[in-house]
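Engineer: Please work out how this folds:
(2 chains)
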Amino acid sequence: MTRSSRAWLAAGLLVVGFAGCRAAPGPEVEAARLASLRKIYDDLHGRLEKAVAQDPLAQRVFADRGQVVVAIRSGLIEELAGAVTQRYLDRVSINLTSVEARDEAAIHKDTFLGRMKVGEWAVDIDIADLRISLEAGKPKVSLRPEDRVEIELPVDVKESEGRVGIHFSWDSKSLAKLVCKDFDLTRDLRGRVLPQRHVLSGALRIGSAGDSFTLTPVFPDRKIPLKVDLTPASWETVEAALRTQNTADRCGTLMKPDNLVARLRELAAKGVKVGIPESIFRVVRLPAHLEQAVKIGDRTINLTVKSEGLTVLPQSLWTSVSAHVREVAPSAP
Amino acid sequence: MRRILAIGLTSALLALGVVWLLFKRKEPPMVSVKEALLVRQTQELGRLIAAAEQESLFDFGGILVVVDQALVQDLLRSATPLEGDVGGGFHVRVDSAETSFADGLAIVRLDGKASVAGKAASADVSVYGAIDVVELDATSGVMTCRVSVSGVDAAHADVLGVDEPVRRLTEALTHGGLALLLGSIEVPVRIENRLSIPAVEAHRLRIESADLPLQVAVEDVNVLGGKLWVRVKATIDPRPAPEQRRP
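Structural biologist: Numbers count the residues shown, from 1 in each chain, chains lettered A, B, ... in the order given. I've put the predicted structure just below:
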């Protein structure tokens, strides 16, 4: 074998040998590498522990004994509560049929016997067929300590028209009874709801209903003074009807129809108290829920999951949950 | 003649070496599971410290869900034994589970036995995995965790065959085997992508139910102090609900 052929053979063996070699460090090299890695790890771990110890949220979680903690940022709750409240009254139509209003007064006159009550009049308004349409504006929302989100919701009432029944009555008293007759008048009229804006104030109470968190509306004062009016033709009908009683024997003079019409206009301008139905304010569940069963592979594991209560912190709604395995449902065959 | 023979032999050896170098499997150097996990934890710790220093580690905009390692361990243990073919001709039975959520890694250790299909002999194995994916189920909104394989330790691995059985078992588990065996781990928290407002049927009004669509998605997951910290982004979807549900 020549020198050059020996060299070629050596090179070939070297390549094969190199190719066959594994990068297998000895145990000392591995131990040294691990020790150096462990040192870096320990240093980083210490720095992280220090940072975590200074964070109030982390400390709160670590102090909690629950297996699951769910926290919802107050901004999100306010956003959801506002959107829900707005939906309650947005593009909602309420039937006012059978809503009633009443006004009455006594009329006194100075006589030679002194000041005497000569009669009482009353007007009853009965809505026969009228609907109102509501449109909600952008609510003002703020999360309050304890468990509530306070809401101020502007509501626009759209103009609408419908049938209104009106009933006048006159009841003569004392000496007037001798010369005046009582009377009753009923007329079917066209009434209209004027466009107007009201602000409803209330709150959504945050609660826990077993496996979910709920927003329960609390709107104790749901009455709005609904400004109504009659159509011009209906006002003419009212005035004409009252004038028919403006005769000596009917005592319309005592009642003074013009005064009564003015009084009715005042009443309409002041508004008829209409209650927004309580059913419009519905309980809503927040989107985070607890599950009573989970799946791992093909096994269903039933749990006893219990919320340990809710806490409203300045920045978030907080709940802690205890969860324990109750039973494992057998695998599907 | 001898010279020609020598040159031919040398050339053949060289060609063989080059072919081997070119086509041999690109295998990573053998590193213990312990070391692999330590490397990952060190990397994750660096990320956590950076976030802590920017005061964004525990900051959340929507919903924060924190799950304790003990609950996940209880769930896994109650699901055991888990048994099945995991691919590569291996069969694995998991008898117990342990979890350790610390320093950036949610480690799941599954202990059991592995055998080659059709053979009675089995080796004790410990499969190390880490919860790498946390997501919300698109339909139900249930929070689910998926475990990826970090490594396998085996005692008496020779019963599983020659030619690096542990590496082959690790590959089988990595490429779908663990998913077949374990699937995903559900956490008992559901975050829905809508807020439902019920219908009203009353004397004076009738309102259909309505859905307020939400955009919800897992934004970030951190692991420390024995817990999994899942930040969920939740905002009102500016697009209207596709349809109003009838009561």
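Engineer: what about chain B, any weak spots by pLDDT?
Structural biologist: Applying pLDDT under 70 to chain B flags the ranges B:1-31, B:162-163, B:239-247.
Engineer: Hmm, residue B:196 is touching residue A:284, no?
Structural biologist: Yes. The pair residue B:196 / residue A:284 is scored as a contact, 7.3 Å apart, by C-beta atoms under 8 Å. In short, each C-beta sits where N, CA and C put it, glycine included.
Engineer: For the two, work out which one has more neighbours and name it.
Structural biologist: residue A:284 (24 against 16; other C-beta atoms under 10 Å in any protein chain shown).
Engineer: which residues sit in contact with the more buried one?
Structural biologist: Residues in contact with residue A:284 (C-beta atoms under 8 Å, 6 or more residues apart in numbering or on different chains) are A:84, A:214, A:215, B:195, B:196, B:197, B:198.
Engineer: number of nearby residues for the third one?
Structural biologist: Here the count is done by other C-beta under 10 Å, and residue A:215 has 22 residues near it.
Engineer: And chain B, what are its domain boundaries?
Structural biologist: Here the domain parsing of chain B from automatic domain parsing is B:30-190, B:194-236.
Engineer: Of all residues in chain B, which one is nearest the centre?
Structural biologist: Taking C-alpha atoms, centre = their mean, the centroid of chain B lies closest to residue B:147, which sits 2.0 Å from it.
Engineer: Against residue B:138, how distant is that residue?
Structural biologist: Per C-beta to C-beta, to the nearest Å, residue B:147 is found 20 Å from residue B:138.
Engineer: so where does residue 213 fall, helix or strand?
Structural biologist: I'll assume chain A. Using DSSP states H and E, residue A:213 maps to strand A:212-218.
Engineer: that's the wrong chain, I meant chain B
Structural biologist: strand B:210-224.
Engineer: same question, residue B:35
Structural biologist: helix B:33-53.
Engineer: Quick check: which helices or strands does the helix or strand containing residue A:151 pack against?
Structural biologist: Under the criterion DSSP H and E, the helix or strand holding residue A:151 is strand A:148-157. Identification of packing neighbours for strand A:148-157 by 3 or more C-beta pairs under 8 Å, 6 or more residues apart in numbering or on different chains; DSSP states H and E yields helix A:74-89, strand A:131-136, strand A:140-144, strand A:196-209, strand A:223-226.
Engineer: Which residues are in contact with residue A:117?
Structural biologist: Contacts for residue A:117 (C-beta under 8 Å, 6+ apart) come out as A:106, A:107, A:108, A:173, A:174.
Engineer: from those, which would you call buried?
Structural biologist: Buried subset of these (neighbour count, 16 or more other C-beta atoms under 10 Å in any protein chain shown): A:107, A:173.
Engineer: For the contacts of residue A:117, give me CSV that also has distance to residue B:46 and pLDDT.
Structural biologist: Shown next, in CSV, are these (distance: C-beta to C-beta, whole Å; pLDDT from 0 to 100):
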residue, distance to residue B:46, pLDDT
A:106, 88, 79
A:107, 91, 74
A:108, 92, 75
A:173, 95, 75
A:174, 98, 69
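Engineer: what are the ranges of the strands in chain B?
Structural biologist: B:63-68, B:82-87, B:90-102, B:105-116, B:122-136, B:142-155, B:185-191, B:194-197, B:200-201, B:206-207, B:210-224, B:227-236 (DSSP state E).
Engineer: Deepest-packed of the ones you listed, please.
Structural biologist: strand B:63-68 (a mean of 25; mean count of other C-beta atoms under 10 Å in any protein chain shown).
Engineer: Now find how far off-centre it is within its chain.
Structural biologist: Between the centre of strand B:63-68 and the centre of its chain there are 18 Å (C-alpha atoms, centre = their mean, to the nearest Å).
Engineer: who are the neighbours of that strand, in terms of helices and strands?
Structural biologist: Looks like strand B:63-68 contacts strand A:68-73, strand B:185-191, strand B:227-236 (3+ C-beta pairs under 8 Å, 6+ apart).
Engineer: before we move on, back to that, residue A:183 is nearest to which of the domains of chain B?
Structural biologist: Closest approach to residue A:183 among the domains of chain B (C-beta to C-beta): domain B:194-236, 33.6 Å.
Engineer: Go ahead and confirm residue A:148 touches residue A:202.
Structural biologist: No. With contact defined as C-beta under 8 Å, residue A:148 does not reach residue A:202; the gap is 9.5 Å.
Engineer: sorry, back to before: could you pull out the buried residues of the helix holding residue B:35?
Structural biologist: Using 16+ other C-beta under 10 Å as the burial criterion, the residues of helix B:33-53 that qualify are B:33, B:35, B:37-38, B:40-42, B:44-45, B:48-49, B:51-52.
Engineer: now those residues in a markdown table, with distance to chain A?
Structural biologist: As requested, those are exported to a markdown table (distance: C-beta to the nearest C-beta, whole Å):
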| residue | distance to chain A |
| --- | --- |
| B:33 | 12 |
| B:35 | 6 |
| B:37 | 10 |
| B:38 | 5 |
| B:40 | 10 |
| B:41 | 6 |
| B:42 | 5 |
| B:44 | 9 |
| B:45 | 4 |
| B:48 | 5 |
| B:49 | 5 |
| B:51 | 9 |
| B:52 | 4 |
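Engineer: For the residue most central in space within chain A, give its distance to chain B.
Structural biologist: The residue lying closest to the centre of chain A (C-alpha atoms, centre = their mean) is residue A:85, at 3.0 Å. Noted for residue A:85: a distance of 10 Å to chain B, by C-beta to the nearest C-beta, to the nearest Å.
Engineer: And the pLDDT for that residue?
Structural biologist: Listed pLDDT for residue A:85 reads 89.
Engineer: from memory it sits against residue A:154, does it?
Structural biologist: No. If you go by C-beta under 8 Å, residue A:85 and residue A:154 don't touch, sitting 10.8 Å apart.
Engineer: what residues are shared contacts of those two?
Structural biologist: Contact criterion C-beta under 8 Å, 6+ apart; residues shared by residue A:85 and residue A:154: A:136, A:139.
Engineer: Show me the helices in chain A, by range?
Structural biologist: Using DSSP state H, the helices of chain A run over A:3-20, A:27-53, A:56-63, A:74-89, A:176-179, A:232-243, A:252-255, A:257-270.
Engineer: near chain A, anything from the strand holding residue B:213?
Structural biologist: Yes. Applying C-beta under 8 Å from any C-beta of the partner chain, one finds strand B:210-224 touching chain A at B:210, B:212, B:214, B:216, B:224.
Engineer: ok, which pair from those is furthest apart?
Structural biologist: The farthest-apart pair in those, when distances are taken by C-beta to C-beta, is B:210 and B:224, at 40.4 Å.
Engineer: and residue A:169, what does it touch?
Structural biologist: A:121, A:122, A:123, A:124, A:182, A:183, A:184, A:185.
Engineer: Equivalent analysis for residue B:150, please.
Structural biologist: By C-beta under 8 Å, 6+ apart, the neighbours of residue B:150 are B:33, B:36, B:37, B:40, B:107, B:128, B:129, B:130.
Engineer: How about residue A:229?
Structural biologist: Counted by C-beta under 8 Å, 6+ apart, residue A:229 has contacts A:191, A:192, A:194, A:268, A:269.
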